[in-house]
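# any chance you could fold what I've pasted below:
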Amino acid sequence: MTKGRCLTWGTLALCILAPAYAAALKIDMGPTLGDLTPNSVLLTWHTNEPSVAWVEIKGEKIGKGGPARTHRVRVQGLSAGTTYWYTVKASAGDESASIGPHRLRTPVPWLAQWTFTAYGDTRSRPDKHRLVVAAMPNVNPRLILHTGDLVGSGEVLEQWYHFFPVIGAFARNLPFYGSLGNHEDNSRLYYELLPIPNGGGDYQSEWYTFTFGNCQFFALDSCRRIAEQTEWLRVQLAQPRPEGVDWRFAFFHHPPFSSGPHGGNQTIQEQWCPLLENNGVAAVFVGHDHLYERSLHGGVHYITLGTGGAPLYPVGINPNPYRQFAASSLGFARVDVSRDELKITFLTDQLKALDQFTVTHGARDDSMAD
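Sure thing, here's the model as predicted:
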């Protein structure tokens, strides 16, 4: 429908019509699924103009609110181990938009054999990012981790328009968990557009922890407030593991050890590595250097995954005595979880396995540790 307004001078009315090509209301980013538990899920999406929006699931309308352009709805009261179909809807005046139905599957609390993927540095080449994302469904992940530098500049809305269509291939159905890179610059758009769980720091989501199945994850912001997070991490790791948790992981942006151009981050080596290595963390996923590299220090595997689409870097620029394997290739980490062991594989966008290793409970290789 063409919209406009009329101005009246005496008996003369002049109607000014809106251009026929004016964009209709649409959901132009998302929906993105996150913070998935056995009984709840968090959904975010964005509309091209302020709108009232909601989620339809189980025959109910949930979270109706606005008008706004960014929308965030937590759906509660779900049943564990159940598949649901949901639709997100928006309205503004006499216009409406919807996307769906999309499928989501809640985990069971005792989930002990499953797969997740991790990758990072997708910031500047959505065509290459798309190649990596297209390969992920082949390993049937239950969730996806991102180690930061999602976009080139977090404050530029246009760059998020390039990011979300790519991750939409999985993020409408699988939970997506992000961490901040230096290119996000702690942007409010990162917090508004992504379904980040509650935690600490800015927007109560700058760093956080969550459990999924038999795993506990710690997401950190390696760009700032290191000392504050060190104390938070110390407290978190000192607490008893949640019931049923067999494995712990951390993910953040800057690698403590790297042979790439950026090299290792000494502050993280000193502040975070001792905590991670002495409190049962099995593996740490990082990015920043645009390459794949696996380092072993203090019995913990540090895995650099700056391989999501940004221009690749060469390996071996800086010394890294803890390096176990390195390659300059697009790709992602596949993590196969069971109660007794982890099998971690780096797969290229062509699904070629370049590196694979196994972690078992109690296994500790100190040969490369100081």
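# make it CA atoms for all contacts and neighbour counts henceforth
Fine.
# the strands in the stretch 151-300 of the chain, which residues?
Ranges of strands within the stretch 151-300 of the chain are 176-177, 208-212, 215-219, 247-251, 281-286, 292-297, 300-305, based on DSSP state E, counting those that start in this stretch.
# right, so those: which one is the most enclosed?
Most buried of those, by mean neighbour count (mean count of other CA atoms under 10 Å): strand 300-305, with a mean of 28.
# how many residues are close by Pro141?
For Pro141, the neighbour count with other CA atoms under 10 Å is 19.
# who's in contact with it?
Residues in contact with Pro141 (CA atoms under 8 Å, 6 or more residues apart in numbering) are 114-117.
# tell me the SS of it?
Here Pro141 is coil, with the state taken from DSSP: H, G, I helix; E, B strand; the rest coil.
# from Pro240, how far out is it?
Distance, Pro141 to Pro240, using CA to CA, to the nearest Å: 27 Å.
# for Asp94, same thing?
Counting by CA to CA - Asp94 and Pro240 are separated by 53 Å.
# then Phe252?
Going from Phe252 to Pro240 by CA to CA gives 23 Å.
# pull the distance from the lengthiest helix in the chain to the chain's centre.
In terms of residue count, the longest helix belonging to the chain (DSSP state H) is helix 157-171. Relative to its chain's centre, helix 157-171 lies at 12 Å (CA atoms, centre = their mean, to the nearest Å).
# same question, stretch 230-249
20 Å.
# and it, what's buried?
The neighbour-count check on stretch 230-249 (16 or more other CA atoms under 10 Å) flags 230, 233, 237, 241, 244-249 as buried.
# put the alpha carbons of stretch 291-300 into PDB.
Extracted C-alpha coordinates of stretch 291-300, given in PDB (Å, rounded to 0.1, in the frame of the first residue of the first chain):
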ATOM      1  CA  LEU A 291      45.300 -19.700  10.900                       C
ATOM      2  CA  TYR A 292      44.900 -23.000  12.600                       C
ATOM      3  CA  GLU A 293      47.300 -23.900  15.400                       C
ATOM      4  CA  ARG A 294      47.300 -26.300  18.200                       C
ATOM      5  CA  SER A 295      49.500 -25.600  21.200                       C
ATOM      6  CA  LEU A 296      49.900 -27.800  24.300                       C
ATOM      7  CA  HIS A 297      50.800 -26.100  27.600                       C
ATOM      8  CA  GLY A 298      50.300 -27.300  31.200                       C
ATOM      9  CA  GLY A 299      48.200 -30.200  29.900                       C
ATOM     10  CA  VAL A 300      45.700 -28.000  28.100                       C
END
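# got the contact list for it?
Counting by CA under 8 Å, 6+ apart, 257-260, 276-277, 281-284, 301-307, 312-315, 322-330, 346, 363-366, 368-370 sit against stretch 291-300.
# tell me, how many residues neighbour the closest residue to Gly287 other than its chain neighbours?
Leaving aside its chain neighbours, Gly287 sits nearest to Gly306 (4.3 Å; criterion: CA to CA, 6 or more residues apart in numbering). The tally of other residues near Gly306 (other CA under 10 Å) stands at 36.
# go on, Arg125?
Neighbour count of Arg125, defined by other CA under 10 Å: 17.
# identify the residues contacting it.
Residues near Arg125 by CA under 8 Å, 6+ apart: 309-311.
# mind redoing it with 7 Å?
Going by CA atoms under 7 Å, 6 or more residues apart in numbering, Arg125 touches 309-310.
# beta partners for Val359?
Counting by DSSP bridges, Val359 forms beta bridges with Leu342.
# which stretches of the stretch 101-250 of the chain form helices?
126-135, 157-171, 188-193, 226-238 (DSSP state H, counting those that start in this stretch).
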